[in-house]
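*Asks:* This is a predicted model, with the sequence first.
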There are 4 protein chains.
Amino acid sequence: MLDLYDYPVVVELPVSWGEMDSFQHVNNAVYFRYFESARVKYVESIRIEEFMKSTGMGPILSGTSAKFYAPLKYPDTISVGIKSVKLESGRIHQEYGVWSHETSRLVAKGESTMVFFDYKKGCPCDIPEGLRENILKLEPYLAEDNKVTEQA
Amino acid sequence: MLDLYDYPVVVELPVSWGEMDSFQHVNNAVYFRYFESARVKYVESIRIEEFMKSTGMGPILSGTSAKFYAPLKYPDTISVGIKSVKLESGRIHQEYGVWSHETSRLVAKGESTMVFFDYKKGCPCDIPEGLRENILKLEPYLAEDNKVTEQA
Amino acid sequence: MLDLYDYPVVVELPVSWGEMDSFQHVNNAVYFRYFESARVKYVESIRIEEFMKSTGMGPILSGTSAKFYAPLKYPDTISVGIKSVKLESGRIHQEYGVWSHETSRLVAKGESTMVFFDYKKGCPCDIPEGLRENILKLEPYLAEDNKVTEQA
Amino acid sequence: MLDLYDYPVVVELPVSWGEMDSFQHVNNAVYFRYFESARVKYVESIRIEEFMKSTGMGPILSGTSAKFYAPLKYPDTISVGIKSVKLESGRIHQEYGVWSHETSRLVAKGESTMVFFDYKKGCPCDIPEGLRENILKLEPYLAEDNKVTEQA
């Protein structure tokens, strides 16, 4: 079973009372804010900003999804893990897990895809080479799986 | 090609300046708020509240996703369409399209699944019969496709 | 009594279901989003962006407040009016009114202050002269009151 | 000078990347979410929920304000303190301070007023006696100042 140890990057976040909606649990849109907080920490940990500045290339979120297993309520604290599951030439596919500290349960899972874009040329591009190396340093198990993957 | 006429329920929403994030376009989590606004209007149009009160059964969002085709920026107005694409015994699968009035483009698509839950019994349940009729009245083309679908 | 006709700039906004919190009415923080939407339209109507580009000077929100008179609920549409009430040499004091279309009531009032900042020099500055003229064109009644006002 | 030690209740919150707006600092409306998180912890610490259940009386936020001293940016962590400054027969006036851990600066201050409402009778009411005692136990310095204060 998946657990937090499967994720190279994890953020811990308090659930805010104001994140609950009229149904008195955390609103669905808020989970995408949680995923984003994990994703931002992930891209920091591979030092993406340096590459964006030096190459003019950066990631764009092209899609994201969530599955909800149990409601979240205030008060609680969550751990949100993020891992890459597939590298293509110009894309990173990632997965998320959200755990409630109150219930010790996995309450949601998510996925997202980032595509790389060359802002100077105005078109999609490959993941810059040094950045790919940073990803593989953080997540070495991706190397084997992704050796020959071409962008779909 | 899909267009707004394919959607039985459409909401028109202004893009708020504050919905943009540091990248100066509408944040990804906000699209799920847009989808929700369309979904809320949809469930109103099938008078779901009456069924929730009389049967104690109601829908729970079990998953949702979005694909982003073009950035949205303030100022703009969007039309968000929602349609059901598959009825199972205890689930409704729905799709969304988001159009920008500024660019006349489809800027995002989405999906979501609602499962029905019997709050008295505390377990999943079938879509209440009268409610299924209301859905088929709103979206008659679902009848043919869904005659024999059983819940997965 | 104050009404919408007292406001030179008004925005009309739908109340979103997701703007309600656990208490099943619109959350207090959302009203500041509403005020912001009106303020953004106001600064557009005085063409502030031109002045920011040409002078490097722009407004910073230094404070804001709200008083709540009645709860707002989905479904509803609101009109949010904004007017300037006092011009100082380097500040604009503004007021807001929020009306519910469902109840035809004033549901909230607000205030905010913008201070002007010279981003090149890194210090507060006066309202650029042409911009002050645009404000007085939009709100001529301010001229009399503000002839001799010095920044506090 | 005011500092965190002046506040009987303090919450520590991470600044989320998504809380920044197009100007690349935390949006003004988000501060009211921060205040709310502190206020929710405050009302928990005086066990307000028990009184709401037993008396049918509860607080309503009647107004709130913020002053912004310095921009907040991701990444940062904030401490938000809340204290009561005045008890009236049916109102609590409170103040907030927001500190950035990155800069060790006070970045914002706030105020809010809660009025008590008798939901059974449908009208404003006094602060329930036991609750007032809980407040004075948490903030004994209020006792002296508020001995004879009548509701304005």
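*Replies:* Structure received.

*Asks:* before we move on, which element is the residue sitting nearest the centre point of chain A in?
*Replies:* Centroid check for chain A by C-alpha atoms, centre = their mean gives residue A:39 as the closest residue, at 3.8 Å. Using DSSP states H and E, the element containing residue A:39 is helix A:28-45.

*Asks:* now whatever helix or strand comes next after that helix, how far from the centre of its chain.
*Replies:* Sequence order places helix A:48-55 as the next helix or strand after helix A:28-45, per DSSP H and E. Averaging C-alpha positions (C-alpha atoms, centre = their mean, to the nearest Å) puts helix A:48-55 19 Å from its chain's average.

*Asks:* do the same with stretch A:3-11
*Replies:* 11 Å.

*Asks:* now what about it, what contacts it?
*Replies:* With contacts defined as C-beta atoms under 8 Å, 6 or more residues apart in numbering or on different chains, stretch A:3-11 is touched by A:37-38, A:41-42, A:45, A:79-83, A:97, A:99, A:138-139, D:14. (Glycine included, C-beta is placed from N, CA and C.)

*Asks:* quick one: which of these is nearest to residue C:19?
*Replies:* Checking the contacts of stretch A:3-11 against residue C:19 with C-beta to C-beta, the nearest one is residue A:37 at 21.5 Å.

*Asks:* Could you pull up the contacting residues of the residue lying closest to residue A:21 once chain neighbours are set aside?
*Replies:* Spatial nearest neighbour of residue A:21, excluding adjacent residues (C-beta to C-beta, 6 or more residues apart in numbering or on different chains): residue A:27 at 4.0 Å. When contacts are counted by C-beta under 8 Å, 6+ apart, residue A:27 touches A:19-21, B:36, C:18.

*Asks:* hmm, 10 Å instead?
*Replies:* A:18-21, A:33, A:72, B:29, B:32-33, B:36, B:61, C:17-18, C:20-21 (C-beta atoms under 10 Å, 6 or more residues apart in numbering or on different chains).

*Asks:* PyMOL command for the buried members of the residues you listed?
*Replies:* With 16 or more other C-beta atoms under 10 Å in any protein chain shown as the criterion, this PyMOL line picks the buried residues out of these:
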select buried, (chain A and resi 18+19+20+21+33+72) or (chain B and resi 29+32+33+36+61) or (chain C and resi 17+18+20+21)
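
*Asks:* Dig out what residue A:124 forms beta bridges with.
*Replies:* Counting by DSSP bridges, residue A:124 forms beta bridges with residue A:117.

*Asks:* Tell me how many other residues crowd it.
*Replies:* Neighbour count for residue A:124, taken as other C-beta atoms under 10 Å in any protein chain shown: 16.

*Asks:* what's the answer for residue A:69, then?
*Replies:* Neighbour tally, residue A:69, other C-beta under 10 Å: 13.

*Asks:* thought it was touching residue B:62?
*Replies:* Yes. Shown here, residue A:69 and residue B:62 form a contact pair, counting by C-beta atoms under 10 Å, at 8.5 Å.

*Asks:* do you know how far residue A:72 is from residue A:19?
*Replies:* Look at residue A:72 and residue A:19: by C-beta to C-beta, to the nearest Å, they are 8 Å apart.

*Asks:* near chain C, which residues of chain A show up?
*Replies:* Counting by C-beta under 10 Å from any C-beta of the partner chain, chain A comes close to chain C at A:17-25, A:27-30, A:73-74.

*Asks:* Tell me if I'm right that residue A:101 and residue A:80 touch.
*Replies:* No. The criterion here is C-beta under 10 Å, and residue A:101 misses it with residue A:80 at 11.5 Å.

*Asks:* Who are the contact partners of the closest residue to chain B within chain A?
*Replies:* Nearest to chain B, among the residues of chain A, is residue A:65, at 3.2 Å (C-beta to the nearest C-beta). Residue A:65 makes contacts with A:32, A:35, A:96, A:109-113, B:63-67, B:110-112, as judged by C-beta under 10 Å, 6+ apart.

*Asks:* Now residue A:123. Nearest residue, chain neighbours left out?
*Replies:* In space, and not counting its chain neighbours, residue A:123 is closest to residue A:117: 7.3 Å by C-beta to C-beta, 6+ apart.

*Asks:* Tally up the residues packed near that neighbour, please.
*Replies:* Neighbours of residue A:117 (other C-beta under 10 Å): 18.

*Asks:* which residues does the residue sitting furthest away from the middle of chain A contact?
*Replies:* Within chain A, residue A:22 marks the point farthest from the mean C-alpha position, 27.7 Å out by C-alpha atoms, centre = their mean. Going by C-beta under 10 Å, 6+ apart, residue A:22 touches C:17-25, C:73-74.

*Asks:* do the same with residue A:38
*Replies:* A:7, A:9-11, A:13, A:79-83, A:94, A:96-98, A:110, A:112 are the contacts of residue A:38 under C-beta under 10 Å, 6+ apart.

*Asks:* Many thanks, have a good one.
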